[in-house]
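[1] need the 3D shape of this:
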Amino acid sequence: MITIGIEHLIANPSASFAGKRLALLCNQASTDRHFRHSRDLIMATFPDQLTCLFSPQHGFFSEKQDNMIESNHATDAVSGLPLFSLYGETRKPSAAMFEHFDILLIDLQDVGTRVYTFIWTVVYCLQRAAETGKKVVILDRPNPVGGHIIEGNLLKPEFRSFVGLYEIPMRHGLTMGELALLCNRDMGIHAELEVISMQGWQREMFFADTGFPWVFPSPNMPTPLTALVYPGQVIWEGTNISEGRGTTLPFELVGAPFIDPLQVQQELSKADLPGCVLRPLVFEPTSGKWAGQPCAGFHLHVTNAHVFRSYRLSLALYQALFRLYPDEFAYKQPPYEYEYDLLPMDLILGDQKLRQALEEGENIRDLEKSWQEDLKTFDALRQSVFLYPKG
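    Purely as a prediction, here's the structure:
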């Protein structure tokens, strides 16, 4: 059983917090192992010091379903404190918001994928903290897809957006605390940053190995298995293919009314896709793409998490659907996460040339080989911020 950052802080209150005004960036998943919310734990441990709250994308209660569905500022019903939304009128906190506190605590469950926006909210907070002279403290949590595997191409600088502000691969293998340290240093932010580490977490752990309870950090991240398939399955957000939103298995399901699963399986028969089974089925979303229409496709079953590569699988499936259904397959058009000019698929993949190579039928294993030098460089870079050594 691991001990996460908030639990370590409460068990060992920092003397440096004495007399300081505290703020907390969190959502409803910010709990300890007993499902006690971090807000309540901090208020009990540091009486009268918590002055305001912040919430990321999807809202404080993780109730907002999709991208560009904003949350308003509010008053927290439990504490009576102001609750500032960082996914509303702005994504970067204002200097006025930062006047409320001396130290910003951040307790968010990340999912280990570049396009998941929580880490970029943290980066914006670090930027404002550097400008205002405030301290940031990350209360670290597990990377649910492990800290030992990295996967995918590195983001190209020209495709920086709120789904990727720094050149990291799709699956980065860092905890939020580690990734914040990397971005703070290598993006030249240099805010005063401290990470309160976990105890007992090992890089080779998937979330099921931690013994810690899962609380969904966003409405379409209901289980740790969702997080495991997400690094690849998120690409469907840039297309007219359903990623299973509007069903009970978001990102585990993929399909569209025009797909013939047997035809797709034949197309993928020679692909190297270990650790998973694509089981044909039909599902009917209740909302989102193809709502109320039967979608033929697949339920993605992970049979071996250690060899499964979500990004490879989803790129192979994407290439097959693009080739098999040229008249039906379509890309989502802008805007996407407040980018109004670039194609959403290019923002998600982080590289327009990768999309074009997939469209032209380039072998995915060859594409993966072309990323290896970049991944080796990134791997060395990330090891410089490791808080948890390799096993």
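
[2] please enumerate the helices of the stretch 101-250 of the chain.
    Remark: helices assigned in the stretch 101-250 of the chain by DSSP state H, counting those that start in this stretch are 118-132, 176-186, 224-233.

[3] from residue 143, how far off is the residue minimising distance to the centre of the chain?
    For the chain, the residue nearest the mean C-alpha position is residue 116 (2.6 Å; CA atoms, centre = their mean). According to CB to CB, to the nearest Å, residue 116 and residue 143 sit 11 Å apart. From N, CA and C alone the C-beta is placed, and that goes for glycine too.

[4] contacts only, for residue 189.
    By CB atoms under 8 Å, 6 or more residues apart in numbering, residue 189 lies in contact with 123, 126, 127, 130, 183.

[5] same check, this time on residue 262
    Contacts of residue 262 by CB under 8 Å, 6+ apart are residue 280.

[6] next: residue 357.
    Residue 357 touches residue 367, counting by CB under 8 Å, 6+ apart.

[7] which SSE is it in?
    helix 352-359 (DSSP states H and E).

[8] and for stretch 251-258, what's in contact with it?
    Contact with stretch 251-258 is made by 220, 225-226, 229-230, 233-234, 236, 240-244, 247, 261, 281-283, 289-290, 293-300, 314, 317, 321, 325, 328, as judged by CB under 8 Å, 6+ apart.

[9] out of those residues, which sit inside strands?
    Counted as lying in strands by DSSP state E, out of the contacts of stretch 251-258, are 281, 282, 283, 295, 296, 297, 298, 299, 300.

[10] and which of those residues is nearest residue 39?
    residue 300 (35.4 Å; CB to CB).

[11] partner residues bridging the closest one?
    Legend: beta-bridge partners of residue 300 under DSSP bridges are residue 278.

[12] which residues touch it?
    Each residue near residue 300 by CB under 8 Å, 6+ apart is listed here: 229, 233, 252, 253, 254, 276, 277, 278, 279, 313.

[13] give me the buried subset of the residues you listed.
    For the contacts of residue 300, a burial check counting by 16 or more other CB atoms under 10 Å picks out 229, 233, 252, 253, 254, 276, 278, 313.

[14] next one, pLDDT for the first one please.
    Think residue 229. In this model, residue 229 is scored at 98, pLDDT.

[15] give me the common contacts of residue 116 and residue 143.
    Counting by CB under 8 Å, 6+ apart, the common neighbours of residue 116 and residue 143 are residue 110.

[16] so where's the stretch 51-200 of the chain uncertain?
    Within the stretch 51-200 of the chain, no stretch has pLDDT under 70.

[17] no, scratch that, I was asking about the stretch 251-391 of the chain
    Looking at the stretch 251-391 of the chain by pLDDT under 70, you get an empty list.

[18] neighbours of residue 44, how many?
    Neighbour count of residue 44, defined by other CB atoms under 10 Å: 11.

[19] continuing past the helix or strand containing it, what's the next helix or strand?
    If you go by DSSP H and E, residue 44 is part of helix 38-45. On the C-terminal side of helix 38-45, the closest following helix or strand by DSSP H and E is strand 50-55.

[20] which residues of the stretch 251-391 of the chain fall in helices?
    Assigned by DSSP H, counting those that start in this stretch, the helices in the stretch 251-391 of the chain fall at 261-267, 310-324, 344-349, 352-359, 364-370, 372-383.

[21] distance to residue 109 for those - can I get that in CSV?
    Below are the helices of the stretch 251-391 of the chain laid out as CSV (distance: least, CB to CB, whole Å):
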stretch, distance to residue 109
helix 261-267, 33
helix 310-324, 18
helix 344-349, 21
helix 352-359, 28
helix 364-370, 29
helix 372-383, 20
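
[22] how about these, which one is nearest residue 160?
    For these, proximity to residue 160 was assessed by CB to CB; helix 344-349 is nearest, at 9.0 Å.

[23] could you name the helices and strands sitting against the closest one?
    Applying 3 or more CB pairs under 8 Å, 6 or more residues apart in numbering; DSSP states H and E, one finds that helix 344-349 contacts helix 352-359.

[24] and the helix it packs on with helix 310-324, angle?
    Here the directions of helix 352-359 and helix 310-324 differ by 60 degrees (axes from the mean of the first three to the mean of the last three CA atoms, to 10 degrees).

[25] can I get helix 352-359 in PDB, CA atoms only?
    Extracted in PDB, the C-alpha atoms of helix 352-359 (Å, rounded to 0.1, in the frame of the first residue of the first chain):
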ATOM      1  CA  GLN A 352       1.100  17.100 -38.800                       C
ATOM      2  CA  LYS A 353       3.700  15.000 -40.500                       C
ATOM      3  CA  LEU A 354       2.700  12.000 -38.500                       C
ATOM      4  CA  ARG A 355      -0.900  12.300 -39.600                       C
ATOM      5  CA  GLN A 356       0.200  12.600 -43.200                       C
ATOM      6  CA  ALA A 357       2.500   9.600 -42.900                       C
ATOM      7  CA  LEU A 358      -0.300   7.500 -41.500                       C
ATOM      8  CA  GLU A 359      -2.600   8.600 -44.300                       C
END
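
[26] from the contacts of residue 189, which would you call buried?
    Buried residues within these, defined by neighbour count using 16+ other CB under 10 Å: 123, 126, 127, 130, 183.

[27] my guess is the fourth one contacts residue 187. True?
    No. Taking CB atoms under 8 Å as the contact criterion, residue 130 and residue 187 are not neighbours in contact, 10.3 Å apart.
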